[in-house]
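Asker: here is a sequence together with a model predicted from it:
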Amino acid sequence: MPFLTAETTDERDSLATFAQQQIDQIATALHRLDREQLAQIPSASEMSLGALARHVLLISERAAESFHAAPDAPPAPASTLDQLMAEGTISSEALREKDTADSLIEQLQQAGAGLAAAIREVDLETRGPVPDQPWFEGRTTWSLRWHALHLIEENARHAGHADILRESIDGKTAYELNALAAGEGWPPAGW
C-alpha cells in the first residue's frame, strides 16, 4: 500500500518529496467523492474537503511561484479570492462550478509535482520575501529551506484535517483510501 513517503537521496530531494507527499495525501482524501460530498461540511470545521483542496492549491501554486522568483517577490496573482467569488468563478464553499473529485485530485497532484520541482531547482540558502500576512508578523525574508519546511508543516496540518473531514463523511480512513486509490483491495490480507 503506497502510504509512506518514498526514499530520498539528499536534503533538497527530502524537502521536495515530503512537500509533494503531503499534497498527494490531501488528494487521496478526495478519492471517489461526489460533488455533494466535496461541498459537505461534516464536522465543527467551517471547511469542506473541496474548499480545503482549493486552499491547498492556492498556497502550493503561489509557493512554487515564490521559489521560482526568489530572491524577488513573485508576480501578483491575476485575481484575488474576493474577485473570483464576485465573478462567480468560485462559489461560497470555494468550489469552482466544474470541480469534481477527479479534477481536484489531478490539480493537486500537478501542484505537488510543481512545488517539488521548484524546491529541487533552488539554492535553499536563497532568501525570499515573506508574504504580507498577519500570521507572518515580524518576518520580512526567509530562507527557501525554511519556506519548504513551513510548507511541509502547513500541508501536513491540512492532510490531517482532510483525514478528519473524510472520515466524518463516510468513515474511510487514510490507509483504506491509499489502498483504494492505488487500485488495491481493502482490507489487505492479514489485517
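Answerer: Perfect, thanks for sending it.
Asker: can you pull out the low-pLDDT segments for the protein?
Answerer: For the chain, residues meeting the criterion pLDDT under 70 lie at 1-2, 78-93.
Asker: can you pull out the strands in it?
Answerer: For the chain, applying DSSP state E gives strands covering 127-129, 141-143.
Asker: of all the ones you listed, which lies closest to A64?
Answerer: strand 127-129 (12.1 Å; Cβ to Cβ). Placement of C-beta: from N, CA and C, glycine included.
Asker: return the set of buried residues in the closest one.
Answerer: 128-129 (16 or more other Cβ atoms under 10 Å).
Asker: in PDB, list the C-alpha atoms belonging to stretch 59-73.
Answerer: What follows is stretch 59-73, C-alpha atoms only, in PDB (Å, rounded to 0.1, in the frame of the first residue of the first chain):
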ATOM      1  CA  ILE A  59      -1.000  28.200  -1.400                       C
ATOM      2  CA  SER A  60       1.000  25.500  -3.300                       C
ATOM      3  CA  GLU A  61       0.900  27.200  -6.600                       C
ATOM      4  CA  ARG A  62       1.700  30.500  -5.000                       C
ATOM      5  CA  ALA A  63       4.600  28.900  -3.100                       C
ATOM      6  CA  ALA A  64       6.000  27.400  -6.300                       C
ATOM      7  CA  GLU A  65       5.900  30.900  -7.900                       C
ATOM      8  CA  SER A  66       7.800  32.200  -4.900                       C
ATOM      9  CA  PHE A  67      10.500  29.700  -5.200                       C
ATOM     10  CA  HIS A  68      10.900  30.400  -8.900                       C
ATOM     11  CA  ALA A  69      11.000  34.200  -8.300                       C
ATOM     12  CA  ALA A  70      13.400  34.300  -5.300                       C
ATOM     13  CA  PRO A  71      15.100  36.400  -4.200                       C
ATOM     14  CA  ASP A  72      12.400  38.700  -5.800                       C
ATOM     15  CA  ALA A  73       8.700  38.600  -5.000                       C
END
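Asker: which outside residues touch stretch 60-73?
Answerer: 23, 74-75, 77, 108, 111-112, 114-115, 117-119, 121-122, 126-129, 131, 144, 147, 151, 155 (Cβ atoms under 8 Å, 6 or more residues apart in numbering).
Asker: quick check on those residues: which are buried?
Answerer: Neighbour counting over the contacts of stretch 60-73 (16+ other Cβ under 10 Å) leaves 23, 74, 108, 111-112, 114-115, 118-119, 122, 128-129, 144, 147, 151, 155 as the buried ones.
Asker: relative to G183, how far out is the residue sitting furthest away from the middle of the chain?
Answerer: Distance from the C-alpha centroid of the chain peaks at G190, with 32.1 Å (Cα atoms, centre = their mean). Distance, G190 to G183, by Cβ to Cβ, to the nearest Å: 19 Å.
Asker: elements contacting the longest helix along the chain?
Answerer: If you go by DSSP state H, the chain has its longest helix at helix 144-170. Applying 3 or more Cβ pairs under 8 Å, 6 or more residues apart in numbering; DSSP states H and E, one finds that helix 144-170 makes contact with helix 11-28, helix 49-69, helix 101-121, strand 127-129.
Asker: having no further points to raise, I will conclude here.
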